[in-house]
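**Student:** I need the structure of the sequence given here:
(one chain, ligands or ions: 1)
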Amino acid sequence: MHWFTENPGAGGLRHLAIPKLLERLDALCEGTIAVDTEARIVWCNDKYLQMLGYSDPQSLLGRDVEEIIPNSLMRQVVKSGEPILLDLMAFGSETFVVSRLPLTGPDGKVIGAVGICLYDKLHHLKPLLGKFSQLQDELAETRRLLVQDRRPRYTLASYVGNSPASLDVKRQARRAAQLGSTVLLLGETGTGKELLAQAIHASSARASQPFIAVNAAAIPEALLESEFFGAAPGAYTGADKRGRDGKFKLAHGGTLFLDEVGDMPLQIQAKLLRVLQEQEVEPLGSNKVIKVDVRIIAATSIDLVQALAQGRLRRDLYYRLNVLSITLPPLRERIADLEALCEGALEQIAERTGMARRELTPGALQRLGGYDWPGNVRELRNVLEKAVLHSDNRRLVADDFDTILPRLAAARTGASAVVQPLAQAVAAAERGAIEAALAAAGGKKTEAARLLGISRATLYEKMALLQLF
Ligand SMILES: Nc1ncnc2c1ncn2[C@@H]1O[C@H](COP(=O)(O)OP(=O)(O)OP(=O)(O)O)[C@@H](O)[C@H]1O
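**Tutor:** From the prediction side, this is the model:
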């Protein structure tokens, strides 16, 4: 406010106006408080006093403002001489709209500050407050969901199977959970490596901390580094220019599951090794290092010995990861667990789809037991789900799986193969193999390519040629 002192009426007007202004503020606001240059309370009106839960103004006078209002920014205003015109301040369970203004003496020097608590007396601020509390609720809900998402979904009881091979896996997993060391899970696709990683985490001392999974094969090479280690603001242009936390930071205190660790580019392997040795990460484009405390569970479905021999996997990284390894048996080697696995899967399918719970006849079980399951438990679940969707019968019979099990069907048609031009026969064989691999991988192309022993790019190329899209 500026007063024109050369105007003879101004002094009088000021004299009259100031008390009126304070009176108005008193009526309009929830509370007013003033501090001196040391941010000690020098004045507080009755409303503010009540709001703060005091009855005697003397009990507040001379005390540091933060002692009474922990979130107060009055000290900042006194120090900077700059007002904070509109702000939201949390006090207890309530949020207030506040304004803070510096007070200056005749020489222009700051002599204190006044804080005005507006709360909801200003009706036009109500939508703003409403929006703020709605956003706060949404934030709390999102945080809750995020925490839930980072909790492991599986425990050791989720690993179904009582065959000697399965019991051995569970025994080793229990031991790994207690030891807390780095674990390397080996096994074909769909054998339950991620399930077991979650189960180990859930039984370990880190169970209440996050479980973060990252699949090296599913992330484009250019993004792997920032995905793992994070990126500083400005390290990128475009969508990520604000910077991002890497998976290592997100997993701090908990477990990081490195899936398909055998498929990582060598350059990332070198960086990963350094992080594992130093227990600190340097986000992309930043020169600061962040300390991380992360337990690693790595998994791979490729032959690591071969990858080492071919130079695709660094030997030092392999030794660092291969502290305690658990090999998960393929389904065909623990076929005794087939019935229990089917029971569990059919139960879950019924729950998820709302359809009636199906059963398998002994003949159906026998048919399933005769298949070699290259996609393991994942493929088994997909096959059962398809059979449930294709049939209305409460009991699924062997015939229900005839068209669904790819290799059995292929073997049968192979027996009565007709003579045809070689190119056609090769195309038909390729089509059959790709369809079988896609079925085994539950439609996941990266996995299907791995099962076929070709790159993802080649798979796409062949699928386009054979019009399989
Ligand atoms: N022993 C098991 N008991 C119950 N469900 C299982 C078991 N093994 C695997 N599954 C189920 O099979 C599916 C695939 O498992 P998971 O993703 O853990 O396999 P994976 O070995 O990590 O596969 P990939 O190598 O392809 O990533 C999941 O739905 C999982 O719940």
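**Student:** pick out the residue of this protein closest to the ligand.
**Tutor:** residue 192 (2.6 Å; C-beta to the nearest ligand atom). In short, each C-beta sits where N, CA and C put it, glycine included.
**Student:** quick one, strands of this structure?
**Tutor:** Using DSSP state E, the strands of the chain run over 31-35, 41-44, 84-91, 94-104, 110-117, 183-186, 211-215, 255-259, 280-281, 290-291, 295-300, 324-327, 359-360, 395-396.
**Student:** closest to residue 166 out of those strands?
**Tutor:** With C-beta to C-beta as the measure, strand 324-327 is the member of those nearest residue 166 (11.8 Å).
**Student:** in the sheet, which strands lie alongside that closest one, parallel or antiparallel?
**Tutor:** Its sheet considered, strand 324-327 pairs with strand 183-186 (parallel) by DSSP bridges.
**Student:** is there proximity between the partner strand and the ligand?
**Tutor:** No - Strand 183-186 does not reach the ligand (C-beta under 6 Å from any ligand atom); its nearest approach is 7.5 Å.
**Student:** how about that strand: buried residues?
**Tutor:** Across strand 183-186, burial judged by 16 or more other C-beta atoms under 10 Å covers 183, 184, 185, 186.
**Student:** contacting residues around the second one?
**Tutor:** Contacts of residue 184 were listed using C-beta atoms under 8 Å, 6 or more residues apart in numbering, and they are 261, 298, 299, 300, 321, 322, 323, 324, 325, 326.
**Student:** can I get these in JSON lines with pLDDT?
**Tutor:** Conversion of these to JSON lines gives the following (pLDDT from 0 to 100):
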{"residue": "261", "pLDDT": "89"}
{"residue": "298", "pLDDT": "96"}
{"residue": "299", "pLDDT": "96"}
{"residue": "300", "pLDDT": "93"}
{"residue": "321", "pLDDT": "94"}
{"residue": "322", "pLDDT": "94"}
{"residue": "323", "pLDDT": "92"}
{"residue": "324", "pLDDT": "95"}
{"residue": "325", "pLDDT": "95"}
{"residue": "326", "pLDDT": "97"}
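**Student:** was I right about residue 283 contacting residue 290?
**Tutor:** Yes - contact criterion C-beta atoms under 8 Å: residue 283 and residue 290 qualify, at 7.2 Å.
**Student:** anything in contact with each of these two?
**Tutor:** Counting by C-beta under 8 Å, 6+ apart, the common neighbours of residue 283 and residue 290 are residue 230.
**Student:** now do the end-to-end distance for stretch 250-269.
**Tutor:** End-to-end distance for stretch 250-269, by C-alpha to C-alpha, to the nearest Å: 19 Å.
**Student:** before we move on, back to that, more neighbours, residue 283 and residue 290?
**Tutor:** Taking neighbours as other C-beta atoms under 10 Å, residue 283 and residue 290 compare with residue 283 leading, 24 against 16.
**Student:** which non-adjacent residue is nearest that one?
**Tutor:** With sequence-adjacent residues excluded and distances taken as C-beta to C-beta, 6 or more residues apart in numbering, residue 283 is closest to residue 230, at 3.7 Å.
**Student:** try residue 390
**Tutor:** Closest residue in space to residue 390, ignoring its immediate chain neighbours: residue 400 at 6.8 Å, by C-beta to C-beta, 6+ apart.
**Student:** what residues are up against that neighbour?
**Tutor:** 364, 387, 390, 391, 393.
**Student:** just among the residues you listed, which is most surrounded?
**Tutor:** residue 387 (24 neighbours).
**Student:** that one reaches residue 403, doesn't it?
**Tutor:** No - using C-beta under 8 Å, residue 387 makes no contact with residue 403, being 9.6 Å away.
**Student:** filter the contacts of residue 400 down to the ones near the ligand?
**Tutor:** Okay, of those, nothing touches the ligand (C-beta under 6 Å from any ligand atom).
**Student:** count the residues that sit near residue 347.
**Tutor:** Neighbours of residue 347 using other C-beta under 10 Å come to 12.
**Student:** tell me the pLDDT at it?
**Tutor:** Reported pLDDT at residue 347 in the predicted model: 95.
**Student:** start at 57, not 1
**Tutor:** Sure thing, new numbering starts at 57, so read that last one as residue 403.
**Student:** show me what contacts the spatially closest residue to it that is not a sequence neighbour?
**Tutor:** In space, and not counting its chain neighbours, residue 403 is closest to residue 413: 6.6 Å by C-beta to C-beta, 6+ apart. Applying C-beta under 8 Å, 6+ apart, we find residue 413 in contact with 402, 403, 406.
**Student:** what pLDDT does the model give residue 413?
**Tutor:** pLDDT, residue 413: 94.
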